[in-house]
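Sharing a model prediction with you, sequence too.
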Amino acid sequence: MPITESMSLLWLSYGVLSLVILLTGYLGLAFLPRLLRLPITWLVAGVMWMPARFQLPLLEEGDVYTGFAPAVVVATVAFLERNSEALMPALILTLLGAGLGMLFGLLLWWRGRRPSKPVTREEHESENKAADGPRGAVRREPVIGQG
């Protein structure tokens, strides 16, 4: 069996390409705050990675090939073939993957945010005194190459 006909190689290449798409999509959304960027990225990940079962008729009468593919691909093929029996389960799995991905993105955002504790007056005054330095002098940064 040639390596080009390997199902595991197909899934491996799909996984690597989907990671590239997710990384470039995340970086492309850099103008958005993390609260929006993470759920959108993981929504796309959920859509791309949710598997669904499909069946294809073979040449011999009554035989079918059953396998797994991304639910969005199964839903798209079922839509193009106007196959409502295969479309509804794949579409439901696609929406479920999108919802789970979005929830995971929100969970990542929630876990990554820094808790903001209220600053007391004493802490604020001590920070101001530390910034002023000794006797109110302003800190000067060293300059390289000038003596």
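Arrived safely, thanks for sending. Bear in mind that the values here come from a model prediction, so they are computed numbers and not experimental data.

which SS class is Arg53?
strand (DSSP: H, G, I helix; E, B strand; the rest coil).

tell me the contacts of it?
66-68, 74 (C-beta atoms under 8 Å, 6 or more residues apart in numbering). Backbone N, C-alpha and C define where each C-beta goes, glycine included.

how about 6 Å then?
Contact partners of Arg53, counting by C-beta atoms under 6 Å, 6 or more residues apart in numbering, are Phe68.

any chance you could map the helices in this protein?
7-28, 34-49, 71-80, 84-112, 121-132 (DSSP state H).

Quick one: the ones you listed as TSV, columns for mean neighbour count, distance to Leu58 and mean pLDDT too.
Shown next, in TSV, are these (neighbours: other C-beta atoms under 10 Å; distance: least, C-beta to C-beta, whole Å; pLDDT from 0 to 100):
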stretch	mean neighbour count	distance to Leu58	mean pLDDT
helix 7-28	12	16	90
helix 34-49	20	28	92
helix 71-80	19	16	92
helix 84-112	16	16	91
helix 121-132	10	73	61
